[in-house]
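[1] give me a model of this one.
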Amino acid sequence: MKELTEQDFQNAAKLIGCEVAVIKAVNAKEAPRGAFDKQGRPTILFEPFQFGRLTKHEFDGATVNIDGKDYPLSLKGKWNPERAIYGKFSIQYQKLKAAEYFDMESARKACSWGAFQLMGFNWKECGFKDFDSFYKAMYESAKAQLKAFINYLKYRDLAKHLVSKNFYEFSIYNGTGQIEKYAKWIQEAYESFL
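    Numbering: from 1, shown residues only. From the prediction side, this is the model:
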């Protein structure tokens, strides 16, 4: 479960046809604490808006109380980080476990996973035959996460934006909520690796 090596980044850059610094920039922005947590679990972020969408809002209003604060598990409407109340990195698995009580697979699909924070519901775009295969790969290694990222880029035709360093166009990778901010973050991270 070790982190990505320099050789891994070089191999990925070769496959994509981009600079190594570009892949490192996306990785640094998406998983600044690494591909895995201290317990050896993949880095995740639980997305309550996605859980709501995936469960057709059956559990909207459900919350989990962690350290005296309520966190939403299922939300309806347009993505909003203030309403999502993500909380600390360290509580994401507690939120996931609470959502799994209602619907295990949808809860896992509503998380972004690993070194490149790939959404679980994008398992097919990441090159897997089913969600379980994606889920196992996220636990397997950072290298498996990297392979899934490359597959996703190819499927969504986003690799060309990394090749040309058009980070604005690439920013759709992170969704539509903060394209300009995300492009700036990737640009700054890219420059830090030059």
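[2] which regions of the chain sit below the pLDDT cut-off?
    Scanning the chain for pLDDT under 70 picks out 1.
[3] give me the domain ranges for it.
    Per automatic domain parsing, the domain ranges recorded for the chain read 6-39+141-192, 48-109.
[4] residue 130 is nearest to which of those domains?
    domain 48-109 (10.3 Å; CB to CB). C-betas here are computed from N, CA, C, even on glycine.
[5] measure the closest one end to end?
    11 Å (CA to CA, to the nearest Å).
[6] same check, this time on stretch 108-124
    14 Å.
[7] quick one: contacts of that stretch?
    Residues from elsewhere that reach stretch 108-124, judged by CB atoms under 8 Å, 6 or more residues apart in numbering: 3-4, 26-27, 30-31, 34-36, 42-48, 50-51, 54, 92, 96, 99-100, 126, 130-131, 133-135, 138, 142, 145-146, 148-149, 152.
[8] can we see that at 7 Å?
    Stretch 108-124 is contacted by residues 4, 26-27, 30-31, 35, 42-47, 50-51, 54, 96, 99, 126, 131, 134-135, 138, 142, 145-146, 148-149, 152 when judged by CB atoms under 7 Å, 6 or more residues apart in numbering.
[9] ok, back up a step: now mean neighbour count too, for the domains of the chain, in JSON lines please.
    Listed next are the domains of the chain as JSON lines, based on neighbours: other CB atoms under 10 Å:
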{"stretch": "domain 6-39+141-192", "mean neighbour count": "17"}
{"stretch": "domain 48-109", "mean neighbour count": "17"}
